[in-house]
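Colleague: Any chance you can model this:
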Amino acid sequence: MFPLLIALGVLLVIAIGVALFVAGVYNKLVTLRNRYKNAYAQIDVQLKRRYDLIPNLVETAKGYMKHEAGTLTAVTEARNLAYAASKNVATNPGDAAAMKNLVSAESGLGGALSRLMVVSEQYPDLKANQNMMQLTEELTSTENKISFARQAYNDSVMGYNTDREIFPSNLIAGMFNFLAAELFVVEKAEEKVAPKVSFS
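Modeller: This next block holds a predicted model:
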């Protein structure tokens, strides 16, 4: 009887140890997932700020760029697509398909904004407009903040993905359906630098 109690005691200690280990790994994965979601929330704040600036920029430019309606419409449409994609990602930053849609929409918006800035260079009165100068300065500042927030997000995602892939965490991640998170990467080389919006 005594050896049976010892064997049961040893099994109980092993079971408790395994349960504590699984709980520890699970809690670490939850913590890392929450970190990258919080990091995306910081990007989302800056993206919303930029999305709010763009209509003001377009409205200011409209008065001067009457012959460039196509460019202004393209910026507005690209902004709307990016805004919708951003809202979709904000509900679940771990959704790889939604993140890919956001990256694509942001690429389109970056291209449209670049075209707007190039075209606006042809209008000296627009370049001298105080409101336009202030908006472009705010947009440049926001682009820089987005870059820093994106870097923090990608660092958090890399930490989470690495932890969920290493042994034995990968076993717990698989059991509890911790899916890989998608990086927020800039696809085109010209978009690795914030769009130049200076009117000097």
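Colleague: max-length helix in this structure?
Modeller: In the chain, with assignment by DSSP state H, the single longest helix is helix 2-62.
Colleague: Summarise which helices and strands the following helix or strand past that one is packed against.
Modeller: On the C-terminal side of helix 2-62, the nearest following helix or strand under DSSP states H and E is helix 69-91. Helix 69-91 is packed against helix 2-62, helix 96-120, with contacts defined by 3 or more CB pairs under 8 Å, 6 or more residues apart in numbering; DSSP states H and E. Every residue, glycine included, has its C-beta placed from N, CA and C.
Colleague: which one of those helices has the most crowded surroundings?
Modeller: helix 96-120 (a mean of 19; mean count of other CB atoms under 10 Å).
Colleague: follow-up on the earlier one: in TSV: the helices and strands packed on helix 69-91, plus mean pLDDT.
Modeller: Shown next, in TSV, are the helices and strands packed on helix 69-91 (pLDDT from 0 to 100):
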stretch	mean pLDDT
helix 2-62	92
helix 96-120	90
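Colleague: Dump those helices into JSON lines; add distance to M175 as well.
Modeller: Output for the helices and strands packed on helix 69-91, formatted as JSON lines (distance: least, CB to CB, whole Å):
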{"stretch": "helix 2-62", "distance to M175": "8"}
{"stretch": "helix 96-120", "distance to M175": "20"}
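Colleague: Which among those is found nearest to G159?
Modeller: helix 2-62 (5.8 Å; CB to CB).
Colleague: related to what we said a few turns ago, out of the helices and strands packed on helix 69-91, which comes closest to E165?
Modeller: helix 2-62 (11.0 Å).
Colleague: by how many degrees do the closest one and helix 69-91 diverge?
Modeller: Angle of helix 2-62 versus helix 69-91, following axes from the mean of the first three to the mean of the last three CA atoms, to 10 degrees, is 160 degrees.
Colleague: any idea whether F178 is helix, strand or coil?
Modeller: Recorded secondary structure, F178: coil (DSSP: H, G, I helix; E, B strand; the rest coil).
Colleague: For A149, see how far away it is.
Modeller: Distance, F178 to A149, by CB to CB, to the nearest Å: 23 Å.
Colleague: got it, and I172?
Modeller: 29 Å.
Colleague: Kindly report the same for L29.
Modeller: Per CB to CB, L29 is found 23 Å from A149.
Colleague: Next: I166.
Modeller: Shown here: I166 relative to A149, a distance of 27 Å by CB to CB.
Colleague: more crowded one of the two?
Modeller: A149 (20 against 10; other CB atoms under 10 Å).
Colleague: my guess is the more buried one contacts A41, does it?
Modeller: No. Taking contacts as CB atoms under 8 Å, A149 lies outside contact range of A41: 9.1 Å.
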